[in-house]
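>>> requesting a structural model of the entry that follows:
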Amino acid sequence: MGGHGCLGIGHLLQHRGRREAGPDPPTSWKDLTKPEYAGHVVMPNPASSGTGFLNVSAWLQMFGEEAGWDYMDGLHANIATYTHSGSKPCKMAAAGETVVGLSFAFRGAQTKTSGAPIEVITPSEGIGWDIEASGIVAGTPNLEAAQTLIDWSISPAAMKEYNEGYAILAVPGVAQPVPNYPEGSEAALIDNDLEWAANNRAALLAEWSKRYESKSEPKS
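Numbering: from 1, shown residues only. Below is the predicted model of the structure:
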């Protein structure tokens with residue numbers, strides 16, 4: 001296997017900005033279960049969005065499975081809809097269609113840089129993440145060429161290219177600051193058990209769908 005290329009950070013909050021009579025900006029995941037957020041939260045459906053699944057996986061690992069499902073029960077009460085796109089909640093927040101959209105931080109930073117009236121917030125409990133990885137398929141007839149590609153994929157030159165789409169890279173000291181990307185995000189990364197998440201994905205999605213599918217938007 002080759003080394004990973006970069007880390008993709010997700011599951012952050014995009015807050016559209018406080019209105020005079022609106023709720024205070026959230027600072028934590030648990031803030032989103034408060035009554036003032038009822039009907040004002042949009043997140044991706046984890047059965048159709050990788051970003052949504054990484055939210056669910058992170059909450060269950062951060063809070064523990066029983067408390068994690070309890071948290072999602074409370075969050076569900078405030079959810080307006082579950083989208084089938086990981087970036088759509090951020091777009092909806094930027095357009096004023098929702099107050100809070102759970103999305104991935106890089107998209108939020110780009111959207112804010114383009115002039116959208118949102119804030120990108122790192123929840124105080126921590127954030128989940130995934131890895132964009134490269135590998136060689138066993139038995140490939142083009143091993144030398146594959147190895148050349150893998151060697152390049154973990155090089156400083158490749159890391160600079162990844163920085164065009166990711167704020168946190170696998171090789172330290174290479175990433176350049178991304179405008180409006182929230183400070184402290186790297187320190188907020190949870191101790192993420194990716195193997196557990198992969199092994200339990202089907203069961204977690206089945207349980208999630210049984211509990212919360214009723215608020216999903218129609219599939220186009």
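>>> make it CA atoms for all contacts and neighbour counts henceforth
Will do.
>>> ranges for the strands of the protein?
4-9, 12-15, 41-44, 79-83, 100-103, 119-121, 129-133, 168-169 (DSSP state E).
>>> residue contacts, residue 75?
Shown here is residue 75, whose contacts under the criterion Cα atoms under 8 Å, 6 or more residues apart in numbering are 32, 33.
>>> would you single out the least confident of the strands of the chain?
Note on the strands of the chain: lowest mean pLDDT is at strand 4-9, with a mean of 23.
>>> quick check: closest non-adjacent residue to residue 215.
In space, and not counting its chain neighbours, residue 215 is closest to residue 81: 5.2 Å by Cα to Cα, 6 or more residues apart in numbering.
>>> can you pull up the bridge partners for the one you found?
Residues found in beta-bridge contact with residue 81 (criterion: DSSP bridges) are residue 42.
>>> so it touches residue 38, yeah?
No. Residue 81 is beyond contact range of residue 38, at 11.3 Å (criterion: Cα atoms under 8 Å).
>>> which one of the two has more residues nearby?
For the pair residue 81 and residue 38, the greater number of neighbours falls to residue 81 (23 against 15), based on other Cα atoms under 10 Å.
>>> who's in contact with that one?
Contacts for residue 81 (Cα under 8 Å, 6+ apart) come out as 41, 42, 43, 215, 216, 217.
>>> residue furthest from the geometric center of the chain?
residue 141 (36.4 Å; Cα atoms, centre = their mean).
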